[in-house]
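J.: model the structure of this input:
(one chain, ligands or ions: 1)
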Amino acid sequence: MHFVFITGGVASSLGKGIASASLATLLKSRKFKVRIRKLDPYLNVDPGTMSPYQHGEVYVTDDGAETDLDLGHYERFTNQSAKQSDSVSSGKIYSNVLMKERKGDYLGSTIQVIPHVTNEIKSFIHSDLKNEDIAIYEIGGTVGDIESLPFLEAIRQIRNDKNISSALIHMTYIPYLSSAGELKTKPTQHSVKELLNAGIQPNIIMCRSEQPIDEDSISKISLFCNVKKESVIPALNAKSIYEVPSLYSKYGLDEALLKQLGYKPKNHKLNLKPWIDLQKKIKKRKHKVKIAVVGKYTNLKDSYKSLNEALVHGGIENSTDVNIQWINSEKENNNSLMKKLKDCNGILIPGGFGIRGINGKIHAIKYARENNIPFFGICLGMQLAVIEIAQNVLKIKNAHSSEFKKTTKSVVGLMTEWVNKNKIEKRDKNSDKGGTMRLGAYKAILKKNSKIFSIYKKGVISERHRHRYEVNQKFLSKFENKGYYFSGMSPDGLLPEVLESKKHKWFIGVQFHPELKSRPLDPHPLFVSFIKAAIND
Ligand code: GLN
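T.: Numbering: from 1, shown residues only. Next comes the predicted model:
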């Protein structure tokens, strides 16, 4: 097995995650068995409690880990499900070390960054591997940050081990100075010096740049950074992120890496046909559709990364360019919100936590429901649709979610409010996922003759969850009397998973997060169907 480490220098936000995912895609397209993982230098133990405003979305894996959004890129590009053991933060590493110290595992020795923290990092790197040919590790942050030092030291030790084959790819930025009319390689040279200070010589340098990189600059980087010329890879902007694998391959990234690892690239033929076909489909899009996403974290688009991508995938499948109108429900009054919604062909309310901005979202749902505009509610979006219908159609006074209001009419609430304690305990034992949050993949049973069944074309689905509150089973018949059906339920029949309207053109709410499982090469059926309905709006 070979280890490939990817570090970043000069600036953050260079697209290291996309680069790592693209590299994994190229290697998979050459039939290698690949694993891709992330090491993050921040001290939070996991990203579950980090604000989406600061760190982008929390990506949830099948096995219920709340992880960094880069794992979403990995899954979308490799079409391979990530696991809990595919990401770790410094916080988690330190907390493991401190826990071991408390348990006396170190037999009273002095606990230090080297060797205790670095050993913990190395054991993560080696853990839970199977028969992969190549394991890729993206190191978050920028070389030179204090937090990344233990990671670099662990990598140095691994690269110093004669029995381990490894390569290190360093991604940097080459700025263009318009006054000088030149690309500047100095920041890259400094960033490589920073790596050398940590005892690490990179094998490949990927140069992010907004301008084509000339031969002179490549030669300079090769000379000053002590890297072969063919291993200095330009990494230019692409029109679509899904062009990146073929673009990087064109500049020789996968060949340079395979040579470094001792393979003959021509013996491992590259097949990028599905990706080239996808690019053709992207270029051929002939329709345009405008979808309103009414949420809260709309300032930072990364907060809804998977959702954004899933809508794009649904669009590509319908030859449609999806224009997303991000609407911050907190900042709008009902009039300005209506104005914005009026020229949209579909309305989507994504997942979210907390009371801020919910009234605007409920208003948007009412508008979609009354005007037969395609509506898609995800997690919180479904819960708010239940509240809206309960208040305005079923006329249940004070109907709300106990997350937001103390009420005897909690149409959405904690399961403990209406399900017998013993039943819940049995449930938690069976699922082995106690705790308060329903996290990770759960099955749902879809009713035949429902819209959702016709979309999935099957009766049993598995989707990922991340929520605490559930739709209250006690009110279901009241909804059904008015034409709102819970057409998907948990296998034990206790929890509503899907809400749909029989009268409406496309009105679906789901308790899970389908966006987490949409892939460019395998778009999620719910998004494909939603966009299709919006085109015909
Ligand atoms: N806040 C809601 C809950 O915890 C919805 C969560 C979500 O949308 N992911 O149930």
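J.: which residues are in contact with residue 220?
T.: residue 185 (Cβ atoms under 8 Å, 6 or more residues apart in numbering). Any C-beta I mention is one placed from the backbone N, CA and C, and that applies to glycine too.
J.: what pLDDT does it get?
T.: For residue 220, the pLDDT comes out at 95.
J.: ok, it to residue 150 distance?
T.: Distance, residue 220 to residue 150, by Cβ to Cβ, to the nearest Å: 32 Å.
J.: assign residue 10 to helix, strand or coil.
T.: Three-state assignment for residue 10 (DSSP: H, G, I helix; E, B strand; the rest coil): coil.
J.: my guess is residue 490 meets residue 438, correct?
T.: No - look at residue 490 against residue 438 with Cβ atoms under 8 Å: they stay out of range, at 9.6 Å.
J.: more neighbours: which of the two?
T.: The residue with more neighbours, out of residue 490 and residue 438, is residue 438; 21 against 17, by other Cβ atoms under 10 Å.
J.: please tell me I have it right and that one contacts residue 469.
T.: No - using Cβ under 8 Å, residue 438 is not in contact with residue 469; the gap is 9.3 Å.
J.: avg pLDDT for stretch 66-78?
T.: On average, stretch 66-78 scores 93.
J.: and stretch 231-250, by the same measure?
T.: 94.
J.: show me where the stretch 1-150 of the chain has its strands.
T.: 2-8, 34-40, 59-60, 66-67, 87-89, 134-139 (DSSP state E, counting those that start in this stretch).
J.: which SS class is the residue nearest to residue 504 when sequence neighbours are not counted?
T.: Excluding the flanking residues, the one nearest residue 504 by Cβ to Cβ, 6 or more residues apart in numbering is residue 372, at 6.0 Å. The three-state label given to residue 372 by three-state DSSP is coil.
J.: residues of the stretch 251-400 of the chain that sit close to the ligand?
T.: Within the stretch 251-400 of the chain, the residues that sit near the ligand (Cβ under 6 Å from any ligand atom) are 351, 352, 353, 379, 380.
J.: enumerate every residue touching the closest residue to the second one other than its chain neighbours.
T.: Across the structure, with Cβ to Cβ, 6+ apart as the measure, the residue nearest residue 352 apart from its sequence neighbours is residue 380 (4.4 Å). Contact partners of residue 380, counting by Cβ under 8 Å, 6+ apart, are 349, 350, 351, 352, 353, 361, 467.
J.: what number of residues lie near the second one?
T.: If you count neighbours by other Cβ under 10 Å, residue 350 ends up with 25.
J.: who are the contact partners of it?
T.: 293, 295, 304, 307, 378, 379, 380, 381, 515.
J.: just the ones in helices from the residues you listed, please.
T.: 307, 380, 381 (DSSP state H).
J.: and the helices in the stretch 251-400 of the chain?
T.: 253-260, 273-283, 305-317, 334-342, 358-370, 380-392 (DSSP state H, counting those that start in this stretch).
J.: point out where the stretch 401-537 of the chain drops to low pLDDT.
T.: 424-435, 537 (pLDDT under 70).
J.: and this protein, which of its residues are near the ligand?
T.: 351, 352, 353, 379, 380, 403, 466, 467, 468, 469.
J.: could you measure from the residue nearest to the spatial centre of the chain over to residue 533?
T.: The centre of the chain sits closest to residue 72, judged by Cα atoms, centre = their mean, with a distance of 2.9 Å. Distance check for residue 72 against residue 533: by Cβ to Cβ, it reads 25 Å.
J.: what of residue 253?
T.: 40 Å.
J.: helix or strand: which one has residue 168?
T.: Secondary structure from DSSP states H and E places residue 168 in strand 165-173.
J.: mind listing what that strand pairs with, with the direction of each?
T.: Applying DSSP bridges, strand 165-173 is found paired with strand 2-8 (parallel), strand 204-209 (parallel).
J.: got a markdown table for those, with distance to residue 457 and mean neighbour count too?
T.: Output for the strands paired with strand 165-173, formatted as a markdown table (distance: least, Cβ to Cβ, whole Å; neighbours: other Cβ atoms under 10 Å):
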| stretch | distance to residue 457 | mean neighbour count |
| --- | --- | --- |
| strand 2-8 | 39 | 24 |
| strand 204-209 | 41 | 24 |
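J.: could I get those as a markdown table with mean pLDDT?
T.: Formatted as a markdown table, these follow (pLDDT from 0 to 100):
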| stretch | mean pLDDT |
| --- | --- |
| strand 2-8 | 97 |
| strand 204-209 | 96 |
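J.: to residue 314, which of those lies closest?
T.: Of all the strands paired with strand 165-173, it is strand 204-209 that lies closest to residue 314, at 29.2 Å by Cβ to Cβ.
J.: next one: that closest one to chain centre, how far?
T.: 24 Å (Cα atoms, centre = their mean, to the nearest Å).
J.: ditto for stretch 44-64
T.: On Cα atoms, centre = their mean, the centre of stretch 44-64 falls 9 Å from that of its chain.
J.: now stretch 280-291
T.: 23 Å.
J.: next: stretch 16-26.
T.: Per Cα atoms, centre = their mean, the centroid offset for stretch 16-26 relative to its chain is 14 Å.
J.: and residue 481, how far from the ligand?
T.: Going from residue 481 to the ligand by Cβ to the nearest ligand atom, to the nearest Å gives 25 Å.
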